[in-house]
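Q: mind looking at a prediction? Sequence and model below.
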Amino acid sequence: MLLSDLKQKQSAIITKINSDEETEDRLYSLGLVEGIQILIDKYSMAKQTIIISLQSQTLAIGLGEAKQIEVEITK
Amino acid sequence: MNNIKIALVGQPNVGKSMLINSISNSKLKVGNFSGVTVEKKEVKLSFESYNLTIVDLPGTYSLNNFTPDEEVTKDFLEVEDNYDLILNVVDSTNLSRNLLLTTQLLELGKPVVLALNMMDEADKENIQIDSKQMGAILGIEAIKVSAAKKQGLENLLKAIVKTVENSKENKLIYSEPIEEEIANISQYLESKQKDYPNKRILCIKLLQEDEKTYKRIHESPIYIGLAKILRNAQSHISTHYNSNNMKKIFKQERLAFVKGVMTETVQTKVREKKTLTQKIDSILINKFIGLPIFLGFMWILFWFTFTLGSIPMDYIDGFFGFLSKIADTYIKSPGLSSLISDGIIPGVGAVILFLPNIIILFIGISLLETTGYMNRIAFLLDGFFHKFGLHGKSFIPLVTGFGCSVPAYMSARTLKNKTQRLLTMFIIGFMSCGARLPVYILFIGAFFADSNPGNILFIIYISGALLGIFMAKILKMFVFKDKNEPFVMDMPKYRLPTLKLIWHTVYTKALMYLKKAGTFILAASIIIWFASSYPKNLDIQNEYQTKIENSDNKDELQNELQQKLLENSYLGKIGKFTQPLFAPLGFDWKMTVALESGLAAKEVVVSTLGVLYSLGDTNDETSSSLITQLKENIALPSAVAFIIFIMIYLPCLAASLVFAKEAGGFSYLAYLFIFTTLTAWVFSFIGFHVTRFLI
């Protein structure tokens, strides 16, 4: 399952990241790595951007990037 | 006294600027590095027996080169390498992410002091941090501070001095296989009796396949033996990790190390209650009302900028007019008097005229940035702008462009990605600025008075904006082909900035505007003045002088004289010479000169047309006789082409110079000139022929 398939308020654990190195670096430095639990906060109007929270922070992520992240639903 | 040069490093939104503001006393000296587009700020202060120089580097999430800002930081830390200590500022409420950068900094091998900032907020959120223990684990000083509350600053400075006086190796420790290999390599280096400073760091860099380190070691004869040991070491590590990507392995190592530090030193009590930020966000980025609220804020900002800003504008305008008159009256030499009263004072005055607008706009923008709202705006708008290769944040400079391009170019700085910043800057000119309005009003009055003038004006503005976004798409497809910046963005907590911080940001920016634009404009206005008033044609002047004295129609002759003089000036000659270029658009030489003088400032177009169509210097856009003159002398297709050209071509000189500075060089200005002129020419040509076909 991809991060972009999750519904609002669903939480999941990141299982794999299929981005190119540059994007992966960016995701990594913001704490988006395999094994991390995330929660979908909100979608923007056209579902182009997604707000997620993880650990103690909130991030916004583009739909394109969300499609590169594989997740597993936890509840 | 001894000097300590400190590199201030931290992720964005950790309160670095606020910390630097709180540390430094009132005798703060701020100097900007010259020659860099993205700024580094330097602050000097003295503490105990030391002179401290703190270099405020752009915020960076990692040292992996992602944005131009981050490159500045990485270059300073790794390439320039001209500092004694890294002061790493972290957000105590978001430690796990912040400490990842810290591990990368520790790998540089320089002395590091950790400032655990926002301690007050961490306390409120029930995050307990054992800073002593953390310092012990990392092997560096870790000091709790709060820049906002001015707590712990003295301790921080003491820790800096202490670290410089007796620096020791930090304790970034990896998992066993890597530590084993570090020991192996280190032993080998020792056996060759090579005394490298920072041996441990050298070993780590070798394992990480760091290019710079390899190049350095490659020259040395020990490399032959070392290569074999390294190969073995890497294959040993690879078997433990099931991967031979060293970069990836070390990334995992850093994560694990941070996790270890976190479990031993940080305790968080989980809270179920919604945080204030979440509450605010549920309104400000709400699906339905988020965008209208944002547009409301923007409307208020621009309303303030252009109404409140215009109050002092009238006084400034009046003041410079007054100065001009005085100069004109009291300076005896006519050449010098003309230079000062027609060239320098109006030219420089025009720049200072915009200062109130710029200050208001910058207060607004720095509020947007420091509160954390800017990132929410980017979130709201990114979906739409993304389609045209722009970023959510492009919105601010583009809307600012409707007022004046100068602050618009400056506000494009908020875009971190250089490609998207340049793309945005290239289309700012398509948003018709306030100075183009007089030209539009004049031409609408002359040619479209029968149809609804308001609608025509609206069409001009809207079609300009749409054309701009369309051109962004074209540029994106053919010129700025780079990949988009991946949209992964931090949504920082909402924070109230201190007055001092806002004042400081706005003050520095305003000062820079005055300094840079002021000096350039001074030079440019002298050049324009010279081109339009030289070579002096005394024959014509004398001829008219006598005519005027003997005539009853003094005004008309005075105008005729002005026209003749301008026609024979360098500017007039250039106009006549370049007229063939614009002939396909139906422009005569007068329109050509008007366009070219408009390069200095768009308002000049109207006054030039006024002079050239022999109506004297006193015309403004409401002058009905100029309207009649234009109607009689210019055909409708040419007028349409002229409006289109004005809409698109290069912004005024002040804006162009700011563009060159912000874009990072005059070559970009050359590109902008070619791009806008070509686009203007092509669309004017189309406009000319379509209109001719229709009538």
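A: Yep, that arrived.

Q: can you show me the strands along the stretch 551-695 of chain B?
A: Assigned by DSSP state E, counting those that start in this stretch, the strands in the stretch 551-695 of chain B number zero.

Q: residue in it nearest to chain A?
A: Closest to chain A within the stretch 551-695 of chain B is residue B:664: 21.6 Å, counting by C-beta to the nearest C-beta. Where you see a C-beta, it was placed from the backbone N, CA and C, and this is true even at glycine.

Q: ok, residue B:345 - contacts?
A: Residues near residue B:345 by C-beta atoms under 8 Å, 6 or more residues apart in numbering or on different chains: B:320, B:323-324, B:327.

Q: next step: those residues restricted to strands.
A: If you go by DSSP state E, those have nothing in strands.

Q: what about the residue of the stretch 551-695 of chain B closest to chain A, how many residues nearby?
A: Neighbour count of residue B:664, defined by other C-beta atoms under 10 Å in any protein chain shown: 16.

Q: name the next helix or strand downstream of the lengthiest helix in chain A, please.
A: If you go by DSSP state H, chain A has its longest helix at helix A:21-29. Scanning forward in sequence from helix A:21-29 by DSSP states H and E, the next helix or strand is strand A:37-43.

Q: for that next one, list the C-alpha coordinates in PDB.
A: Below are the C-alpha coordinates for strand A:37-43, written out as PDB (Å, rounded to 0.1, in the frame of the first residue of the first chain):
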ATOM      1  CA  GLN A  37       4.900   5.500  12.400                       C
ATOM      2  CA  ILE A  38       3.000   8.300  10.600                       C
ATOM      3  CA  LEU A  39      -0.500   9.700  10.800                       C
ATOM      4  CA  ILE A  40      -2.400  11.300   7.900                       C
ATOM      5  CA  ASP A  41      -3.600  14.600   9.200                       C
ATOM      6  CA  LYS A  42      -5.200  16.200   6.200                       C
ATOM      7  CA  TYR A  43      -5.400  16.400   2.400                       C
END
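
Q: that strand pairs with which strands?
A: With DSSP bridges as the test, strand A:37-43 is paired with strand A:11-17 (antiparallel), strand A:49-54 (antiparallel).

Q: other residues contacting the longest one?
A: Contacts of strand A:11-17 with the rest of the structure, by C-beta under 8 Å, 6+ apart, involve A:1, A:3, A:6, A:24, A:27, A:32-40, A:68-75.

Q: what's the first helix or strand after the lowest-mean-pLDDT helix or strand in chain B?
A: Within chain B, no helix or strand scores below strand B:29-32, which has a mean of 40 by mean pLDDT, DSSP states H and E. Using DSSP H and E, the helix or strand that follows strand B:29-32 towards the C-terminus is strand B:41-47.

Q: could you list the low-pLDDT ranges of the stretch 51-200 of chain B?
A: For the stretch 51-200 of chain B, applying pLDDT under 70 flags the ranges B:65-69, B:193-195.

Q: list, one by one, the residues from it near chain A.
A: B:61-62, B:64, B:66, B:93-94, B:96-97, B:100-101, B:125, B:127 (C-beta under 8 Å from any C-beta of the partner chain).

Q: which of the helices or strands spans the residue lying closest to residue B:223 once chain neighbours are set aside?
A: Distance criterion C-beta to C-beta, 6 or more residues apart in numbering or on different chains; nearest residue to residue B:223, sequence neighbours excluded, is residue B:217 at 5.5 Å. Secondary structure from DSSP H and E places residue B:217 in helix B:211-218.

Q: that helix: what's the following helix or strand?
A: Proceeding N to C from helix B:211-218, the next assigned helix or strand is helix B:223-241, under DSSP H and E.

Q: can I get that following helix as CSV, trimmed to CA atoms?
A: Extracted in CSV, the C-alpha atoms of helix B:223-241 (Å, rounded to 0.1, in the frame of the first residue of the first chain):
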residue,chain,number,x,y,z
TYR,B,223,47.4,4.4,-0.2
ILE,B,224,48.5,1.0,-1.8
GLY,B,225,48.2,-0.8,1.5
LEU,B,226,45.3,1.3,2.7
ALA,B,227,43.2,0.4,-0.4
LYS,B,228,43.4,-3.3,0.5
ILE,B,229,42.5,-2.7,4.1
LEU,B,230,39.6,-0.5,3.1
ARG,B,231,38.3,-3.1,0.6
ASN,B,232,38.3,-5.7,3.3
ALA,B,233,36.7,-3.3,5.8
GLN,B,234,33.9,-2.4,3.5
SER,B,235,33.1,-6.0,2.6
HIS,B,236,33.1,-6.9,6.3
ILE,B,237,30.6,-4.1,7.0
SER,B,238,28.6,-5.0,4.0
THR,B,239,27.9,-8.6,5.2
HIS,B,240,26.6,-7.2,8.4
TYR,B,241,24.2,-4.9,6.7
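
Q: show me what that helix is in contact with.
A: B:175, B:177-178, B:180-181, B:184-185, B:188-189, B:192, B:206-207, B:217, B:244, B:246, B:249, B:252.

Q: quick one: that helix to helix B:211-218, angle?
A: Using axes from the mean of the first three to the mean of the last three C-alpha atoms, to 10 degrees, the inter-axis angle of helix B:223-241 relative to helix B:211-218 is 140 degrees.

Q: so for helix B:223-241, what gets flagged as buried?
A: For helix B:223-241, the neighbour count (16 or more other C-beta atoms under 10 Å in any protein chain shown) marks B:226, B:229-230, B:233-234, B:237, B:241 as buried.

Q: likewise stretch B:374-387?
A: Using 16+ other C-beta under 10 Å as the test for burial, stretch B:374-387 gives B:374-386.

Q: check stretch B:552-570 too.
A: B:557-569.

Q: ok, stretch B:686-695 next?
A: Those buried within stretch B:686-695 under the rule 16+ other C-beta under 10 Å are B:687-689, B:691.

Q: and residue B:692, what pLDDT?
A: The model reports residue B:692 with a pLDDT of 90.

Q: burial check on the closest residue to it other than its chain neighbours, number of neighbours?
A: Spatial nearest neighbour of residue B:692, excluding adjacent residues (C-beta to C-beta, 6+ apart): residue B:637 at 4.4 Å. Residues near residue B:637, counting by other C-beta under 10 Å, number 20.

Q: these two touch, right, residue B:138 and residue B:114?
A: Yes - between residue B:138 and residue B:114 there is a contact under C-beta atoms under 8 Å: 6.9 Å.

Q: neighbour-wise, which of those two wins?
A: Between residue B:138 and residue B:114, counting by other C-beta under 10 Å, residue B:114 is the more crowded of the two (27 against 22).

Q: show me the contact partners of whichever strand or helix holds the more buried one.
A: For residue B:114, the host element (DSSP H and E) is strand B:112-117. Applying C-beta under 8 Å, 6+ apart, the contact partners of strand B:112-117 are B:10, B:14-15, B:19, B:85-92, B:95, B:102, B:105-106, B:122, B:129, B:131, B:134-135, B:138, B:140-147, B:156, B:159-160, B:163, B:170.

Q: that one pairs with which strands, and in what direction?
A: Sheet pairing of strand B:112-117 (DSSP bridges) gives strand B:85-91 (parallel), strand B:141-144 (parallel).
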